[in-house]
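Undergrad: Predicted structure and sequence below. I'll ask about it afterward.
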Amino acid sequence: MPLFLDDEQTMLRDTARDFIADTAPVAHLRGLRDADDPTGFSRDLWKQFAEMGFTGILIGEAQGGLGLGHVEAGIVLEEIGRNLTPSPFLSTSVAAVEALRGTAQAERWYPGILAGDTVAAVAIDETPKHRDRVALTAERAGNGFRLSGVKRFVAHGHVADVLIVAARTAGAPEDRDGVTLFAVPRDVPGLTTAPERLADSSLAATATFESAMLDADAVLGDVDGGRAVLDRLLRAGRTGVAAESLGVGAGAMAMTIGYLKDRKQFGVPIGSFQALQHRAAHLYAEMEVARAAVLKAQHLLDADMEAADMAVSVAKAMTAMATTLAVNEGVQMHGGIGMTDAYDIGFYMKRARVLAELWGDAGYHADRVAVAAGY
């Protein structure tokens, strides 16, 4: 299993790096924040993503996509993270595409995703922290289902055209069985969304379902057997989060190394001080270990191997820790200016904090790995 990019993947990385750095650098995020943009991302940029072919990376060639894998999706996500680019790529072109794969709903939503017209959101969490519980209920009603309950931390949920929703059709909230996934159109009666600004200035909604009626064809997978679809969605989404986190950490580290070379004290660059060199070397090592963990998880997912589940948790935990180190060291080494809003390093810290929590923090995933190992 090669823990490096091949020639074609390297070309994709170079293309994505140039495109995203030119069209949506950190200044793009700052502009959306300062304008209090109600969407949270640029729809024009999302269309450009489609024109570049990025939105169809995980969609099969037979359906109009590129038919690539999670390594390639991760390449785009790393550049999104490196530039702190607000984009629905993770929720739409990675998580939702995986949930829709192989279902009749794919024919409905894939064309819009490919064209950059459709945005999807993932509605899974119901508590302040990510947990393996689903309490929102879906009761049979006529030829369909009636959904009742609340989902929280739904990124892009207020503007999404479709929400991928995990609901309880049997059993208790903590049961693994009895879960069903639904593709819920934004305009379904009974669904309301209330967006809130997160620490990184992105928008996530609280989605409330008040007897929202759905047709039976909204089901993704089997009734009561949606856990398999949910697990597939989460493996893809968590690996995507890890890749974006890696980009955030790499961007923060590059900015910090540049500052160490430019900033002078006592007539010499502060990067010549041995104590700061040691810290920078430690950070580089941690980021490279995290990068290897992410690539391993991506390769195992692309090979559809059983070991992918634990590899994904390892990648999610390690990138959260390494990126947290990167942004913390970045602020520390920048000194006083690192604490100001006028400098970009603080934006990296805020984005890292949000990504660390998304679909399970480092503690959650470390516990999953420990339990699986028998501890």
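TA: Great, that's in hand. Numbering: from 1, shown residues only.

Undergrad: now for the chain, which residue lies nearest the mean position of the chain?
TA: Among the residues of the chain, the smallest C-alpha distance to the mean C-alpha position (CA atoms, centre = their mean) belongs to Val241, namely 3.7 Å.

Undergrad: from what I can see it touches Glu357, true?
TA: No. Under the criterion of CB atoms under 8 Å, Val241 makes no contact with Glu357, lying 9.6 Å away. Heads up, the C-betas are built off the backbone N, CA and C, glycines and all.

Undergrad: Spit out the contact partners of the residue nearest to the centre of the chain.
TA: Contacts for Val241 were tallied using CB atoms under 8 Å, 6 or more residues apart in numbering; they are 90, 316, 319, 355, 358-359.

Undergrad: try 6 Å this time
TA: The contact partners of Val241, taken as CB atoms under 6 Å, 6 or more residues apart in numbering, are 355, 358.

Undergrad: May I have the secondary structure class of it?
TA: Under DSSP: H, G, I helix; E, B strand; the rest coil, the three-state class of Val241 is helix.

Undergrad: any idea how far Val354 is from it?
TA: Val241 sits 10 Å away from Val354, taking CB to CB, to the nearest Å as the criterion.

Undergrad: what does Met310 give?
TA: Met310 sits 24 Å away from Val354 when distances are taken as CB to CB.

Undergrad: Equivalent analysis for Val150, please.
TA: The spacing between Val150 and Val354, counted by CB to CB, is 20 Å.

Undergrad: Ala212 now?
TA: Ala212 sits 27 Å away from Val354, taking CB to CB as the criterion.

Undergrad: Leaving out chain neighbours, which residue sits closest to Phe347?
TA: Counting by CB to CB, 6 or more residues apart in numbering, Phe347 lies nearest to Leu84, which is 5.5 Å off, once chain neighbours are set aside.

Undergrad: how deep is the one you found tucked in, by neighbour count?
TA: When neighbours are defined as other CB atoms under 10 Å, Leu84 has 27 of them.

Undergrad: Got phi/psi on it?
TA: The main-chain torsion angles of Leu84 are listed as degrees, to the nearest 10 and equal phi 50, psi 40.

Undergrad: so what's it scoring on pLDDT?
TA: At Leu84, the pLDDT value in this model is 98.

Undergrad: Show the residue spans covered by the helices in the stretch 201-350 of the chain.
TA: With DSSP state H, counting those that start in this stretch applied, the stretch 201-350 of the chain shows helices at 227-262, 274-302, 308-334, 345-357, listed in chain order.

Undergrad: Tell me the strands beside the lowest-mean-pLDDT helix or strand in the chain, with direction?
TA: Across the helices and strands of the chain, mean confidence by mean pLDDT, DSSP states H and E is lowest for strand 264-265: a mean of 88. Each strand that strand 264-265 pairs with, and the sense of that pairing, follows from DSSP bridges: strand 268-269 (antiparallel).

Undergrad: what distance separates the partner strand from the centre of its chain?
TA: 39 Å (CA atoms, centre = their mean, to the nearest Å).

Undergrad: same thing with stretch 208-226?
TA: Relative to the centre of its chain, stretch 208-226 is centred 24 Å away, using CA atoms, centre = their mean.

Undergrad: how about it: buried residues?
TA: When neighbours are counted by 16 or more other CB atoms under 10 Å, the buried residues of stretch 208-226 are found to be 208-209, 212-214, 218-221, 223, 226.

Undergrad: swap in stretch 18-26?
TA: Counting neighbours by 16+ other CB under 10 Å, one finds that the buried residues in stretch 18-26 are 19-20, 23-26.

Undergrad: before we move on, what about stretch 171-187?
TA: By 16+ other CB under 10 Å, the buried positions in stretch 171-187 come out as 173, 178-186.

Undergrad: And stretch 184-201, by the same measure?
TA: Per 16+ other CB under 10 Å, stretch 184-201 contains these buried residues: 184-186, 188, 191, 193, 195, 198, 200-201.

Undergrad: Output those as a markdown table; include the columns secondary structure and pLDDT.
TA: Converted to a markdown table, these look like this (DSSP: H, G, I helix; E, B strand; the rest coil; pLDDT from 0 to 100):
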| residue | secondary structure | pLDDT |
| --- | --- | --- |
| Val184 | strand | 98 |
| Pro185 | strand | 97 |
| Arg186 | coil | 95 |
| Val188 | coil | 96 |
| Leu191 | strand | 97 |
| Thr193 | strand | 97 |
| Pro195 | strand | 97 |
| Leu198 | coil | 96 |
| Asp200 | coil | 94 |
| Ser201 | coil | 94 |
